Every structure is written in C-alpha cells, then in structure tokens.
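Enquirer: give the three-dimensional model of this entry:
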Amino acid sequence: GRTVRPEQPQVKEWFCNSEKNPGRSRRWPRGCRDPASVMIAPNPGNLSNMTIITNIADLRALHRKRVPRMFYDYVDSGSWDELTYRDNEAAFARIRLRQRVAVNLENRSLRSRMIGEAVTMPVALAPTGLTGMQWADGEILAARAAEKFGVPFTLSTMSVCSIEDVAAHTTRPFWFQLYVMRDRDFIASLIERAKTAGCSALVLTLDLQIMGQRHKDLKNGLSTPPKLTPGNLANLLTKPAWCLAMLGTHRREFRNLVGHIPGVESLTSLAQWSAGQLDPTLSWEDVAWARDLWGGKLILKGIMDPADARLAAESGADALIVSNHGGRQLDGAPATIDVLPSIVDAVGDSIEVWVDGGIRSGQDVLKAVALGAKGTLIGRAFNYGLGAMGERGVTRCLQIIANELDLSMAFCGHRDINDVTADVIWHAP
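Expert: Next up, the predicted model:
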C-alpha cells in the first residue's frame with residue numbers, strides 16, 4: 001500500500017485499493033480485494049500525542065471539546081429521560097458474536113447494494129438537522145466524504161446547507177429527507193427541488209408528526225445562529241476555531257427554508273412559520289401523495305411496529321428504516337436492533353429493511369446485517385467525526401467502521417458481507 005498524507009490533522013491510510021494508484025495494475029495484497037477492506041493506522045498529525053483516533057468514542061470526545069455546547073448536546077441527547085437513546089446503543093452491546101477459526105479469510109468484500117445503488121459497505125449517512133452547525137458547511141463536507149468513500153449521504157430538510165448547496169459541491173446523486181408539513185405547496189416545491197438537484201432517493205420521515213421534548217435543547221436555548229446569552233457567549237469564547245470557521249461561511253441558517261417560503265425571509269419569520277408546521281394528521285394517503293409526486297426511489301423512515309412495516313411494504317416504497325428517531329421522540333420505546341427481527345419477519349423480501357439508532361462501530365453493522373438488515377444508517381457517529389475534524393473526521397468515522405466490520409466479519413468466518421446471516425450471532429447453550 002501507500003501512505004496518503006492529507007492536510008492536517010493527518011491520518012495515515014494503507015489502502016489495498018489499486019484505484020488509489022491509477023495506471024498501475026490491479027494487484028491486491030494477500031487477503032484483500034476491496035477498497036472498503038483497509039488496514040488503518042492513526043497518525044494524529046498536529047493533534048496531541050494523546051489523541052489517537054481509534055474508535056467512534058475518540059471522535060465523540062474531540063467533538064465535545066471543539067463544538068459549542070448547544071450544538072454538541074443537540075447531537076448527543078434524547079428525549080425526556082433518554083432511556084431509549086441509551087438503550088439503542090446498549091442493545092447492540094448485549095448481542096454476542098460467534099467466533100470461527102481455520103476458515104479461508106482471503107479476498108474479503110464489504111461491497112453491497114442499497115435500493116440498487118452500489119455501496120462500499122452497507123452503511124449510509126443518516127439525515128440529521130443542524131449538521132452545518134457542527135462544522136462550517138457541514139452538510140457539504142459530510143456529503144463529499146461520503147461520496148469519496150462510496151456510501152450514500154442523506155440531506156435533512158432541516159439542514160443548514162441547502163439542496164442546491166450540496167448539489168453544487170458533489171458529483172454524485174445524494175438522498176433527500178423530507179418532513180411532510182402542513183404547507184403542502186412548500187413540500188411539493190421541496191420535492192421538485194430535490195428532483196432538479198438529481199437526488200436519487202427520497203427519505204420520508206413518518207415519526208415526527210409532533211415533537212418530542214428534549215430537555216437539553218430547551219435548557220440551552222438551541223437556535224441557529226446561537227443566541228448570544230451570557231451563558232452561550234461564555235461557552236462560545238472557549239471554541240475560537242469553531243467561531244472563526246463560522247465567520248468564514250455565509251451558510252448559518254436553514255437554507256432549505258429561508259427565502260423559499262412566501263413571507264419567510266428571516267429566522268424570526270421562520271420560527272413563526274415552523275411553529276405550526278408539524279402535521280399531526282399525517283396518514284398513509286399522504287405517503288401515497290408524496291410517492292406519486294416524487295416518482296422515484298422512496299424510503300420510509302420511522303417504522304417500529306410489524307403492522308406499520310406491512311403498510312410500508314404495501315405503500316410501494318422501496319425500503320423502510322427501523323428507527324425511533326435516535327431516541328429523540330418516544331422515550332421508553334424499544335431499541336431498534338431489538339425490533340429489527342420482527343420487522344424482517346413481517347415483510348420478508350417484499351421491501352428492503354434497514355436500521356438506524358445506536359450504531360457506533362463496524363460490529364454493530366455486522367450484527368444488524370446478521371439480524372436481517374440490508375442496510376444501516378449512522379447519524380451521531382458521523383456527526384462526532386464532523387465536529388471533531390470536519391470532512392476528515394467523517395472520513396475517519398467511515399474508515400473505522402469499515403475496518404471494524406471487515407475484521408469482525410472475518411473473525412466470524414465470513415468473507416463477503418452479503419453471505420452474513422444469523423449464524424454469526426452467539427447464543428448461550
């Protein structure tokens with residue numbers, strides 16, 4: 001392999017990917033054939049010698065140091081007592097893997113497909129609001145990192161960078177996530193903008209008809225840009241690099257919304273408009289309306305019950321996402337990985353089943369695939385990377401997950417992620 005030395009902070013990458021050496025013959029190191037199957041050695045560059053990025057928890061710690069409290073808390077919190085938020089992650093940890101030995105582990109591959117799109121591994125970047133407040137132009141940076149790595153990026157309706165911003169800075173189609181609000185004319189215009197931008201899939205979120213209460217957001221007075229209260233100002237003064245970066249971009253508001261809604265030209269008017277826009281009357285008829293208006297690949301997000309999964313399959317959608325909104329809506333709901341098997345059983349092969357919530361490692365991805373998921377989505381994990389190191393942090397997040405997934409799959413006796421089944425799950429005798 002060769003050593004790639006990007007700008008600071010640096011990460012050394014030993015790739016078994018001949019595409020990194022254009023013009024050379026496709027000769028793969030022994031035991032490897034896939035660009036997602038990488039051996040990674042961290043090199044912190046101008047970071048402290050103590051800051052060796054080896055897992056998602058390291059990125060989370062660095063994110064917390066570098067980003068204002070209100071925006072870190074926005075990512076790293078759930079609703080009410082955060083029981084579901086914590087259980088999403090803990091449920092993965094309760095699952096044990098079955099180790100095998102004396103199995104041929106050469107020529108491993110993580111390559112797969114999600115709604116027909118080739119992916120480097122069965123992972124997509126989930127839609128997350130306010131990504132552009134974790135790092136200046138954050139949605140653009142995350143989309144570029146995902147594109148280079150070969151996984152899908154999903155832009156949120158409540159993003160800081162607009163659909164057009166992301167499209168102008170990427171070369172491959174991305175996915176767009178949509179909330180169905182009361183203003184159906186505006187929703188129709190959003191769908192049309194996504195089509196014009198070349199988005200390859202629409203992700204329709206079904207679990208935000210009303211807003212769950214998130215204590216930290218209320219206590220922090222969350223807003224974008226941040227309100228300069230004494231407490232927030234004191235915290236901002238401890239984040240000089242973040243402040244300088246934000247001063248260097250003009251993207252500091254919800255650019256999918258401001259200027260695109262009649263009468264909404266400022267954050268004040270946006271707040272007044274959005275207060276009554278969540279639609280508690282959302283129904284499967286509305287799903288059909290959005291599907292027909294979109295006319296392309298449709299993904300339904302927020303499925304937690306087998307009955308709803310069957311309705312999702314009957315709706316004509318291409319995929320559903322088992323999701324509890326990252327534990328940010330109904331606190332006390334079960335962890336998504338615990339629900340996944342019943343959803344898979346309910347719909348069989350009639351629709352692709354994916355899962356998000358609590359995924360912090362490649363092992364978590366392996367467990368989800370073993371339990372029937374055809375794909376996974378990560379939200380907090382890539383935001384930790386983004387807040388820690390910008391685009392390089394998102395890339396580092398994806399490298400970590402790919403490496404852990406590759407090694408864990410091998411330890412379980414498999415060489416191809418598409419062949420992984422529930423036989424990799426250990427059950428007590």
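Enquirer: where does Gly358 land in three-state SS?
Expert: coil (DSSP: H, G, I helix; E, B strand; the rest coil).
Enquirer: for it, which non-adjacent residue is spatially closest?
Expert: Leaving aside its sequence neighbours, Gly358 sits nearest to Asn88 (C-beta to C-beta, 6 or more residues apart in numbering; 3.1 Å). (Each C-beta comes from the backbone N, C-alpha and C, glycine too.)
Enquirer: check what pLDDT Ile382 gets.
Expert: No, residue 382 isn't Ile; it's Phe. At Phe382, the model reports a pLDDT of 98.
Enquirer: and for the one 3 residues further on?
Expert: Gly385 carries a pLDDT score of 98 in this model.
Enquirer: correct me if wrong: it contacts Gly393.
Expert: Yes - the criterion here is C-beta atoms under 8 Å, and Gly385 meets it with Gly393 at 3.4 Å.
Enquirer: neighbour-wise, which of those two wins?
Expert: Gly385 (33 against 28; other C-beta atoms under 10 Å).
Enquirer: which neighbours do Gly385 and Gly393 share?
Expert: 59, 63 (C-beta atoms under 8 Å, 6 or more residues apart in numbering).
Enquirer: name the nearest residue to Phe174, sequence neighbours excluded.
Expert: Sequence neighbours aside, Phe153 is the residue nearest to Phe174 in space, at 4.6 Å (criterion: C-beta to C-beta, 6+ apart).
Enquirer: so Trp354 is in which element?
Expert: Per DSSP states H and E: Trp354 is located in strand 352-356.
Enquirer: which helices and strands does the helix or strand just after that strand pack with?
Expert: For strand 352-356, the succeeding helix or strand toward the C-terminus, using DSSP H and E, is helix 362-370. Here helix 362-370 touches helix 83-94, helix 336-347, strand 375-378, helix 391-411, going by 3 or more C-beta pairs under 8 Å, 6 or more residues apart in numbering; DSSP states H and E.
Enquirer: mind doing that once more with 10 Å?
Expert: Here helix 362-370 touches helix 83-94, strand 123-125, helix 336-347, strand 352-356, strand 375-378, helix 391-411, going by 3 or more C-beta pairs under 10 Å, 6 or more residues apart in numbering; DSSP states H and E.
Enquirer: dump those into TSV; add distance to Leu247 and mean pLDDT as well.
Expert: Output for those, formatted as TSV (distance: least, C-beta to C-beta, whole Å; pLDDT from 0 to 100):
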stretch	distance to Leu247	mean pLDDT
helix 83-94	32	98
strand 123-125	26	98
helix 336-347	38	98
strand 352-356	33	98
strand 375-378	29	98
helix 391-411	19	98
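Enquirer: dump the ones you listed to a markdown table, plus distance to Asn107.
Expert: Shown next, in a markdown table, are the helices and strands packed on helix 362-370 (distance: least, C-beta to C-beta, whole Å):
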| stretch | distance to Asn107 |
| --- | --- |
| helix 83-94 | 28 |
| strand 123-125 | 21 |
| helix 336-347 | 28 |
| strand 352-356 | 26 |
| strand 375-378 | 23 |
| helix 391-411 | 11 |
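Enquirer: what about the ones you listed, which gets the closest to Leu320?
Expert: Minimum separation from Leu320 across the helices and strands packed on helix 362-370 (C-beta to C-beta) falls at strand 352-356, 6.0 Å.
Enquirer: can you list the buried residues in that closest one?
Expert: Neighbour counts over strand 352-356 (16 or more other C-beta atoms under 10 Å) mark 352-356 as buried.
Enquirer: closest one to Asn235 among the helices and strands packed on helix 362-370?
Expert: Closest approach to Asn235 among the helices and strands packed on helix 362-370 (C-beta to C-beta): helix 391-411, 20.7 Å.
Enquirer: just give me how far that closest one sits from the chain centre.
Expert: Chain-centre distance of helix 391-411: 14 Å, with C-alpha atoms, centre = their mean, to the nearest Å.
Enquirer: need the longest strand for the chain.
Expert: For the chain, the longest strand by residue count, based on DSSP state E, is strand 297-303.
Enquirer: and it, what does it pack against?
Expert: Using 3+ C-beta pairs under 10 Å, 6+ apart, the elements in contact with strand 297-303 are strand 175-179, strand 201-205, helix 284-294, helix 306-314, strand 319-322, helix 336-347, strand 352-356, strand 375-378.
Enquirer: try it again with 6 Å
Expert: strand 201-205, helix 306-314, strand 319-322 (3 or more C-beta pairs under 6 Å, 6 or more residues apart in numbering; DSSP states H and E).
Enquirer: with mean pLDDT and mean neighbour count as extra columns, can I get these in a markdown table?
Expert: Formatted as a markdown table, those follow (pLDDT from 0 to 100; neighbours: other C-beta atoms under 10 Å):
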| stretch | mean pLDDT | mean neighbour count |
| --- | --- | --- |
| strand 201-205 | 98 | 24 |
| helix 306-314 | 98 | 18 |
| strand 319-322 | 98 | 26 |
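Enquirer: need those in a markdown table (columns: distance to Ala124).
Expert: Shown next, in a markdown table, are the helices and strands packed on strand 297-303 (distance: least, C-beta to C-beta, whole Å):
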| stretch | distance to Ala124 |
| --- | --- |
| strand 201-205 | 9 |
| helix 306-314 | 18 |
| strand 319-322 | 9 |
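Enquirer: what stretches of this structure score poorly on pLDDT?
Expert: Residues of the chain meeting the criterion pLDDT under 70: 1-51, 224, 265-275.
Enquirer: again, only this time at 90
Expert: The model of the chain has pLDDT under 90 over residues 1-52, 180-181, 209-233, 252-254, 257-278.
Enquirer: pull the number of nearby residues for Gln277.
Expert: 16.
Enquirer: skipping adjacent residues, who's closest to it in space?
Expert: Using C-beta to C-beta, 6+ apart and skipping residues adjacent in sequence, the residue nearest Gln277 is Met181, 4.1 Å away.
Enquirer: how about Arg310?
Expert: Going by C-beta to C-beta, 6+ apart, Arg310 has Ala346 as its nearest residue, at 5.6 Å.
Enquirer: how much space separates the one you found from Glu352?
Expert: 14 Å (C-beta to C-beta, to the nearest Å).
Enquirer: what about Ser366, distance to Asp406?
Expert: Careful, residue 366 is Leu; it's not Ser. Leu366 is 9 Å from Asp406, by C-beta to C-beta.
Enquirer: the more surrounded of the two?
Expert: When Leu366 and Asp406 are compared for neighbours, Leu366 comes out ahead with 29 against 25, by other C-beta under 10 Å.
Enquirer: the residue nearest to Phe174 contacts Leu141, doesn't it?
Expert: No - the criterion here is C-beta atoms under 6 Å, and Phe153 misses it with Leu141 at 10.3 Å.
Enquirer: strands of the stretch 101-250 of the chain, start to end?
Expert: 112-114, 117-119, 123-125, 154-155, 175-179, 201-205 (DSSP state E, counting those that start in this stretch).
Enquirer: thanks a lot, see you next time.
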